[in-house]
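> sequence and predicted model, in that order:
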Amino acid sequence: MNSSRRSFLKNSAMAVTAAALLPDNLLAAPKKIQRVGLQLYSVRDAMKVDPAGVLKKLADMGYVYVEHADYRNRKFYGYTAKEFRKVLDDLSLVMPSGHTVMTTQHWDAAKNDFTDAWKWTVEDAAVLGQKYVISPWMDTAVRTDKSALDRTMEQFNKSGELCQKLGMKFGYHNHDFEFTTMVGDMRLFDYIMQHTDQALVAQQLDIGNMYGRENDAISIIKKYPGRFESMHVKDEIKSAEHPNEGTGYESCVLGLGVLPVKEVLKEAKKIGGTSLLIIEQESYQGVDPLDSVKIDLQTMKKWGY
């Protein structure tokens, strides 16, 4: 993951979630891959300039499903939930999930309840017909303090309960630190898996973020069968551009990197419980991002998805 993505997540940590509409049976039938979409962070710069125009280009490419990465002050890419729903509907686009960082500050300990900011996150996601409200980050202070981590795991489960009331599910999205941070003698990733309620908290496995730390996504899927309802589909190449980021890899067009993406997808379909595949490409090696994600979708179609 590049530094701009990390900065984006940290800066948006006090924002709030989501985007969109899926068939009502998505949560009820997690064992079959039903949808292939795009994480809009893949085209982040263009989305800042002309979100409606970019969404039209994606629809023209053949995308039907998209996942947001921008919800601030109760707006998605500058639109209210109702306005953004209309933009999507007019383009026949559906937003089954979205990324908004949930922090400890979204929980009011005095009231023993979520803050209005997080409640609005979930409510606005429901306006869009969203099925997954996904938090894609965990503050360093939480990772390294077991008591804070345990409170966060409880908060995850409570967020799952909140989402469930509106027909949705809370989710968590991994990066690379979950595989290097230890909680006693257990990796943070395993700790999260073992301390979240599967009925309330979905796991979105990012097979690119983990590469360079944990290079065997198939083993992870086998270790936790049925747990990965959503997946970020990426390919990776070696990179010296961001050596301080730690993994030594960056994303590329699907099929051009070192990940066994097709094999991972087969395992996800077979035992992962995966119903939603989200393409994400964060680096482009000089190719226009919109051209890159067009090729990514074409590649997924060639692979039968």
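Nice, thanks for sending it over. Numbers count the residues shown, from 1 in each chain.

> need the next SSE after the helix or strand in which Lys86 is found, C-terminal direction.
Here Lys86, judged by DSSP states H and E, is contained in helix 81-90. Toward the C-terminus, helix 81-90 is succeeded by strand 94-99 as the next helix or strand (DSSP H and E).

> and that next one, what's its mean pLDDT?
Per-residue pLDDT over strand 94-99 has a mean of 98.

> just use 245 as the starting number from now, easier for me
Okay, using 245 as the starting number, the last item reads as strand 338-343.

> sec struct for Ala446, please.
strand (DSSP: H, G, I helix; E, B strand; the rest coil).

> ok, and for the helix holding Lys330, which residues are buried?
Neighbour-count burial for helix 325-334, counted by 16 or more other Cβ atoms under 10 Å, picks out Ala325, Phe328, Arg329, Val331, Leu332. Using the backbone N, CA and C atoms, a C-beta is placed for each residue, glycine as well.

> by contact count, what packs against the one helix or strand Leu509 maps to?
In the assignment (DSSP H and E), Leu509 maps to helix 505-511. When contacts are defined as 3 or more Cβ pairs under 8 Å, 6 or more residues apart in numbering; DSSP states H and E, helix 505-511 sits against helix 461-467, strand 474-477.

> leaving aside the residues next to it on the chain, what's closest to Met397?
Nearest residue to Met397 in three dimensions, chain neighbours excluded: His439, at 4.1 Å (Cβ to Cβ, 6 or more residues apart in numbering).

> same deal with Asp450?
Residue nearest to Asp450 in three dimensions, not counting chain neighbours: His476, with 3.9 Å by Cβ to Cβ, 6+ apart.

> correct me, but that neighbour touches Leu449?
Yes. Using Cβ atoms under 8 Å, His476 is in contact with Leu449, at 7.1 Å.

> and the residue nearest to Met397, how far from Gln349?
Taking Cβ to Cβ, to the nearest Å as the measure, His439 falls 20 Å from Gln349.

> just Asp540 next, same as before
From Asp540 to Gln349 the distance is 35 Å (Cβ to Cβ).

> report pLDDT for Glu489.
pLDDT for Glu489: 56.

> the more surrounded of His476 and Leu449?
Between His476 and Leu449, counting by other Cβ atoms under 10 Å, Leu449 is the more crowded of the two (25 against 22).

> pLDDT value on that one, please?
On the pLDDT scale, Leu449 gets 98.

> SS state for it?
Strictly by three-state DSSP, Leu449 counts as strand.

> now do the SS call for the residue lying closest to it once chain neighbours are set aside.
Among residues not flanking Leu449 along the chain, Phe472 sits closest, at 4.4 Å (Cβ to Cβ, 6+ apart). Secondary structure, three-state DSSP: Phe472 is coil.
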